[in-house]
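[1] what follows is a predicted protein model with its sequence.
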Amino acid sequence: MTQNNVRRKTLVAIAADPNSAASPFASKTADLKSLFGNHCFNEAVQRERLPEKVFESLQETIRSSKQLDSNIAETVAKAMHDWATEHGATHFTHWFQPMTGSTAEKHDCFVIPTGIGQAIAKFSGSELIRGEPDASSFPSGGLRATFEARGYTAWDPSSPAFIFRHKNGSTLVIPTYFVSWTGEALDMRTPLLRSMAALEQQSLRVLKLFGNKTAKRVYPTVGAEQEYFLIDRRLAALRPDLLVTGRTLFGAKPPKGQELEDNYFGSIPERVLGFMTELEYELVLLGIPVRTRHNEVAPAQFEVAPFFEAANLATDHQMLLMQLLRNVATRHGFHCLLHEKPFAGINGSGKHNNWSIMTDDNENLLDPGDTPHENAQFLFFTTAVLRAVHKHGDLLRMSVSGANNDHRLGANEAPPAIMSIFLGSALEEVFRQLASGTAASSQKMAPIEIGVSTLPPLKRHSEDRNRTSPFAFTGNKFEFRAVGSSQNVAQSTTVLNTIVAESLDILATELENALNAKKEFNSAVQEIVSKTIQEHQAVLFNGNCYSEEWKKEAEKRGLLNLVTTAECLPLINGKKATELFGKYKIFSKTEVDSRHEIYAENYVKTIHIEANTAIEVAGTMILPAVLNYKTVLAQAATTKLQKELLQELDTHIDALIEQLRQLKKTVTDIPEGNAQKSAEYCCNTVIPAMQVLRETVDSLEESVDDGLWPLPTYTELLFSR
């Protein structure tokens, strides 16, 4: 059977019964509220199963972010084991987030042979607290040599253990750190927790200056909206580029895309709704609080949005969400695409990082509030964010870099690579007035007074949204819209926490010095806020961030436009980043150097894989199909116009052959030995060669006999449901 016949039969099967591959999952009638967190070893389960003193000790460990007391480890492990086996678990795993961008796990069985033909079920405190995976097989950027294999995973009690179900059973999953034998961070979680500690320390310092004597903990919250595509799994199987790279390396523009804007918030297809229902059921069991589901802008694109949680827990839940999206999609006959740009010409997918700062007495420090005191405090924290994004916009852009996200940022569908802040007209006017030191709305141009007449009434959604802004204030949080859909949100959150912690540190020091000099509190706050806004207001922009005018204006303001990952990579271990991360103990010098190597190598390998896949598909599928069409056309062509069509086809075929040769050569010539130079070569040479080849292939798709074309088209992929 030819490739095309397979494609045709697949389309017929989908049209005849689009739900034939769907999961037998039936809607659950149980109260979802009662099922929430049912598969989590959460506080309620701990309270029920642990002795009171052990429970209190564990809770104190969680509140203080300390390591688990070894004296209670055995008791906690036994309770966790009993609870897990009651849920059908036969194995446990330390679950961690290495610098691959995904998660990792090694399953160990609870059952241990006794040596006398019998076995016992065992799970010890030491197994709960620490594991020992092979560190040499994960990216380390030179931190570990191949022969230095030892690494450690250690339970993070602030993230509850949970049960992960699969077709034939269940596994107890224990969220953990991952560090080398010498103590360097080999994962995403460890730096995130370090950055949360830095933000907490500086935030508490500021709150104390503002007279808050009750807050004992401060933590960033994250709500990461997830966009994704669903296509029929049977069609995806016929696209090697989708299976290998996660995106279509070839594909002509379909007759209909998103021009009519009819997909956004449209009626959810029944088969997709069935998938979403099962997904949400699985999420509820794991205590992952999702609220919203809807069609996104592009055909076959959807979104799921969560409630906000503490950043480390939100990150764990986000990684689980991506895993469940793939797993549940398969059960329903879908292939879930989390790539930032699976299809050319239509919107890609992002992961908006909604970020704020909360206290343990439930105060949102980025909420304007209703009282003068809260307004002044809000302005102080918001000014710190303003300073952070202006001073370290390059690091923020670096935190969302990657080969996949380069296709999306700046492509007039997502935030540009220029980091700017949208505050909304009302709040930006307040900041403009503070920068000038006068209230423009006052007849007498009276000086603005912090804590008295600073803010007009601000409702949480009084402002229109600016979808073109990469960093927008949305009522009581900032929405960082540049994060890629496949990325681990821990990376951008770590950078955001750190740069804001630094700004709070600087502003708090200035306020302390002013108070020590006997300045009046409100006057001191106003002076610091006004001066800081004056110095950093260049980052404020409420207009269209997609426009060419803004790019020119941003350049005048000194804002960087880092379009590619290759440009961002040197920032990772540059002097500024090294000093900043070192000061707040987020990364050591060796850790930032290792990350530069890891991210550069990942970028190069991603482009290398894409180029080789393009060569394979174009050479073994597209070229033979086009030559077959040429044979048919040559036999049929009789008139002058028909023969001209044949000549045009010959021109395209020759171009295809030559471009294939050129792409092969560029791949062969990728320099080795220097990750940065390799990345720059891939960016400047390999990617353009791939694009030239794509343009020729896509042009051929529009002219070659559809009966001979070997790949499912965009129309088939996006609209066959």
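    That came through, no problem.

[2] for the chain, which spans come out with low pLDDT?
    For the chain, applying pLDDT under 70 flags the ranges 1-4, 15-31, 113-122, 133-150, 371-374, 410-413, 438-466.

[3] and the residue nearest to the spatial centre of the chain, how far from residue 638?
    The centroid of the chain falls nearest to residue 487 when counting by Cα atoms, centre = their mean (3.4 Å). Distance, residue 487 to residue 638, by Cβ to Cβ, to the nearest Å: 56 Å. Just so you know, the C-beta spots here come from the backbone N, C-alpha and C atoms, and that holds for glycine as well.

[4] likewise for residue 194?
    Distance from residue 194 to residue 638, by Cβ to Cβ: 75 Å.

[5] who has more neighbours out of those two?
    residue 194 (19 against 8; other Cβ atoms under 10 Å).

[6] check whether residue 280 really touches residue 288, as I assumed.
    No: Residue 280 lies out of contact with residue 288 (Cβ atoms under 8 Å); the separation is 9.1 Å.

[7] who are the packing partners of the longest strand belonging to the chain?
    In the chain, with assignment by DSSP state E, the single longest strand is strand 169-180. Applying 3 or more Cβ pairs under 8 Å, 6 or more residues apart in numbering; DSSP states H and E, we find strand 169-180 packed against helix 70-86, strand 89-95, strand 151-155, strand 162-166, helix 189-209.

[8] one more pass at 7 Å, please.
    With contacts defined as 3 or more Cβ pairs under 7 Å, 6 or more residues apart in numbering; DSSP states H and E, the packing partners of strand 169-180 are strand 89-95, strand 151-155, strand 162-166, helix 189-209.

[9] contacting residues around that strand?
    Strand 169-180 has contacts (Cβ atoms under 7 Å, 6 or more residues apart in numbering) with 80, 84, 87-96, 98, 107, 128, 131, 135, 143-144, 151-156, 159, 161-164, 185-187, 189-190, 316.

[10] do the same with stretch 323-330
    The contact list for stretch 323-330, computed with Cβ under 7 Å, 6+ apart, reads 103, 228, 230, 233, 275, 278-279, 282-283, 335-336, 338.

[11] give the burial count for residue 364, as a bare number.
    19.

[12] who's in contact with the residue lying closest to it once chain neighbours are set aside?
    In space, and not counting its chain neighbours, residue 364 is closest to residue 476: 5.1 Å by Cβ to Cβ, 6 or more residues apart in numbering. By Cβ under 7 Å, 6+ apart, residue 476 lies in contact with 356, 364, 366-367, 460.

[13] got the phi and psi for residue 476?
    Main-chain torsions, residue 476, degrees, to the nearest 10: phi -150, psi 20.

[14] ok, it to residue 589 distance?
    Residue 476 sits 37 Å away from residue 589 when distances are taken as Cβ to Cβ.

[15] do I have it right that residue 99 meets residue 597?
    No: the pair residue 99 / residue 597 is not scored as a contact, 10.1 Å apart, by Cβ atoms under 7 Å.

[16] who has more neighbours, residue 280 and residue 288?
    Each of residue 280 and residue 288 has its neighbours counted (other Cβ under 10 Å); residue 288 has more, 26 against 19.

[17] name the element that one belongs to?
    If you go by DSSP states H and E, residue 288 is not part of any helix or strand.

[18] and it, how far from residue 159?
    12 Å.

[19] neighbour count winner among residue 99 and residue 597?
    A side-by-side neighbour count of residue 99 and residue 597, using other Cβ under 10 Å, places residue 99 first with 22 against 19.

[20] so who does that one touch?
    139, 186-188, 598 are the contacts of residue 99 under Cβ under 7 Å, 6+ apart.

[21] now swap in residue 216 and tell me
    residue 360 are the contacts of residue 216 under Cβ under 7 Å, 6+ apart.

[22] in a strand, it, correct?
    No: counting by DSSP: H, G, I helix; E, B strand; the rest coil, residue 216 falls outside a strand, being coil.

[23] circling back: out of the contacts of residue 476, which are buried?
    356, 364, 366-367 (16 or more other Cβ atoms under 10 Å).

[24] quick one, what contacts residue 42?
    Counted by Cβ under 7 Å, 6+ apart, residue 42 has contacts 160, 287.

[25] next, it: phi, psi?
    According to degrees, to the nearest 10, residue 42 has phi -90, psi -170.

[26] now do residue 131
    Dihedral angles (degrees, to the nearest 10) for residue 131: phi -130, psi 170.

[27] what's the burial count for the residue lying closest to residue 96 once chain neighbours are set aside?
    Nearest residue to residue 96, sequence neighbours excluded (Cβ to Cβ, 6+ apart): residue 178, at 4.1 Å. Applying other Cβ under 10 Å, we find 25 residues neighbouring residue 178.

[28] quick one: the helices in the stretch 251-400 of the chain?
    Counting by DSSP state H, counting those that start in this stretch, one finds helices in the stretch 251-400 of the chain at the ranges 270-285, 311-331, 372-391, 393-398.

[29] can I get the ones you listed in TSV with distance to residue 72?
    Putting the helices of the stretch 251-400 of the chain into TSV (distance: least, Cβ to Cβ, whole Å) gives the following:
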stretch	distance to residue 72
helix 270-285	27
helix 311-331	22
helix 372-391	37
helix 393-398	40
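
[30] neighbouring contacts of stretch 540-549?
    Under Cβ under 7 Å, 6+ apart, the answer for stretch 540-549 is 412, 415-416, 418, 420-423, 425, 428, 431, 466, 468-469, 550.

[31] and it, what's buried?
    540-542, 545-546.

[32] narrow those to those in helices?
    The helices, defined by DSSP state H, take in nothing from the buried residues of stretch 540-549.

[33] which one of these is nearest residue 32?
    Residue 32 lies nearest to residue 545 out of the buried residues of stretch 540-549, by Cβ to Cβ, at 38.9 Å.

[34] from residue 220, how far out is the closest one?
    24 Å.

[35] where exactly do the helices run in the stretch 501-650 of the chain?
    521-536, 548-557, 565-572, 575-583, 589-617, 623-636, 640-668.

[36] which other helices and strands does the fifth one contact?
    Translated: helix 589-617. helix 240-245, helix 565-572, helix 575-583, helix 640-668, helix 675-681, helix 687-701.

[37] swap in 10 Å and give it another go.
    Packing partners of helix 589-617 (3 or more Cβ pairs under 10 Å, 6 or more residues apart in numbering; DSSP states H and E): helix 189-209, helix 240-245, helix 565-572, helix 575-583, helix 640-668, helix 675-681, helix 687-701.

[38] could you list the buried residues of that helix?
    591-600, 602-604, 606-607, 610-611, 613-615, 617.

[39] so residue 228, which of the three states?
    strand.

[40] residues near it, how many?
    Around residue 228 there are 25 residues (other Cβ under 10 Å).

[41] next: residue 112.
    12.

[42] confirm it sits in a helix?
    No: Residue 112 is assigned strand when assessed by three-state DSSP, not a helix.

[43] what's the separation between it and residue 163?
    Relative to residue 163, and taking Cβ to Cβ, residue 112 is found at 21 Å.

[44] got it, and residue 175?
    Distance, residue 175 to residue 163, by Cβ to Cβ: 13 Å.

[45] okay, those two: which has more neighbours?
    Higher neighbour count among residue 175 and residue 163: residue 175, with 25 against 20, using other Cβ under 10 Å.
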